[in-house]
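Colleague: I'll drop the sequence and a predicted model, then ask my questions.
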Amino acid sequence: MKVKELFYSLQGEGVLIGTPTVFVRTVGCNLECEWCDTEYAKKGGDEMSVEQVLKKTEGFGTRFVCLTGGEPLLQEDAIKLIERLVDRCYHVTVETNGSLPLDDIPCTENVLISMDIKCPSSGMQDRMMYGNIELLSPADQLKFIVADHKDLLYLENVIDEHEPRCNVIITPVGGLDLRPVADFVLKKRMNARVLPQLHKLIWGDSMGV
């Protein structure tokens with residue numbers, strides 16, 4: 001698989017926010033979001049075998065691994081890597097952009113699917129596979145990155161229509177301007193979590209964190 005970076009940091013998003021985690025960021029994405037903050041992961045990187053990734057992961061002393069991108073499910077060995085990590089008793093978060101099938105991801109308590117739904121500000125809302133929402137368990141999470149009020153109304157409609165049984169996470173583009181999102185969620189009495197991007201609060205826009 002093509003890996004852009006492999007590093008140890010705190011989980012910056014979602015229900016595991018703040019958890020020391022090994023991140024495996026793969027190369028390539030099938031979407032072109034207007035506000036993408038990982039453009040650098042779309043090309044370059046190094047070819048690594050599943051065994052090489054496992055060996056590097058072992059050295060960090062945590063049982064939490066996040067497979068991210070880009071879009072990691074584009075990698076031919078992604079599912080094999082997830083299975084091998086689970087076999088070694090790691091907890092694996094799979095961050096996916098919502099445009100690819102999730103059927104092959106192992107269904108186990110040690111795998112957390114973190115699926116995006118792209119809102120209108122991304123320009124990619126028509127590429128989503130909404131049927132994936134039904135595959136998400138209560139332990140998984142559905143993430144919305146929002147830039148404006150139109151995005152908030154859009155995610156409200158998605159939630160009302162699909163009634164996800166998983167955790168719903170809402171984060172502003174850039175990860176820091178939380179007040180408008182918080183006000184909307186409270187006004188609508190939504191069953192969702194408003195969260196920042198913790199890594200940006202701590203380290204800004206630096207790579208490898």
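Modeller: Yes, it's here. Numbering: from 1, shown residues only.
Colleague: which neighbours does the top strand by length along the chain have in its sheet, and in what orientation?
Modeller: For the chain, the longest strand by residue count, based on DSSP state E, is strand 2-10. Strand pairing for strand 2-10, using DSSP bridges, gives strand 20-26 (antiparallel), strand 46-47 (antiparallel).
Colleague: how about that strand: buried residues?
Modeller: For strand 2-10, the neighbour count (16 or more other C-beta atoms under 10 Å) marks 2-6, 8-10 as buried. (Glycine included, C-beta is placed from N, CA and C.)
Colleague: can you check stretch 156-164 too?
Modeller: 156, 158-159, 162, 164.
Colleague: Which one of the residues you listed is nearest to residue 15?
Modeller: Checking those against residue 15 with C-beta to C-beta, the nearest one is residue 164 at 13.4 Å.
Colleague: A helix includes that closest one, no?
Modeller: No: Residue 164: not assigned to a helix; according to DSSP: H, G, I helix; E, B strand; the rest coil it is coil.
Colleague: Report the distance from the longest strand of the chain to the chain centre.
Modeller: Its chain's C-alpha centre lies 14 Å from the corresponding centre of strand 2-10 when counted by C-alpha atoms, centre = their mean, to the nearest Å.
Colleague: repeat for stretch 7-20
Modeller: Distance, centroid of stretch 7-20 to centroid of chain: 11 Å (C-alpha atoms, centre = their mean).
Colleague: ditto for stretch 72-91
Modeller: The answer for stretch 72-91 is 15 Å, by C-alpha atoms, centre = their mean.
Colleague: Contacts for that stretch next, please.
Modeller: Stretch 72-91 has contacts (C-beta atoms under 8 Å, 6 or more residues apart in numbering) with 1-2, 24, 26, 28-30, 49-50, 53-54, 57, 63-65, 67, 92, 94-96, 100, 102, 104-106, 108, 110-112.
Colleague: Please name the residues that touch the residue nearest to residue 71 when sequence neighbours are not counted.
Modeller: In space, and not counting its chain neighbours, residue 71 is closest to residue 29: 4.6 Å by C-beta to C-beta, 6 or more residues apart in numbering. By C-beta under 8 Å, 6+ apart, the residues touching residue 29 are 36, 38, 41-42, 69-71, 74, 97.
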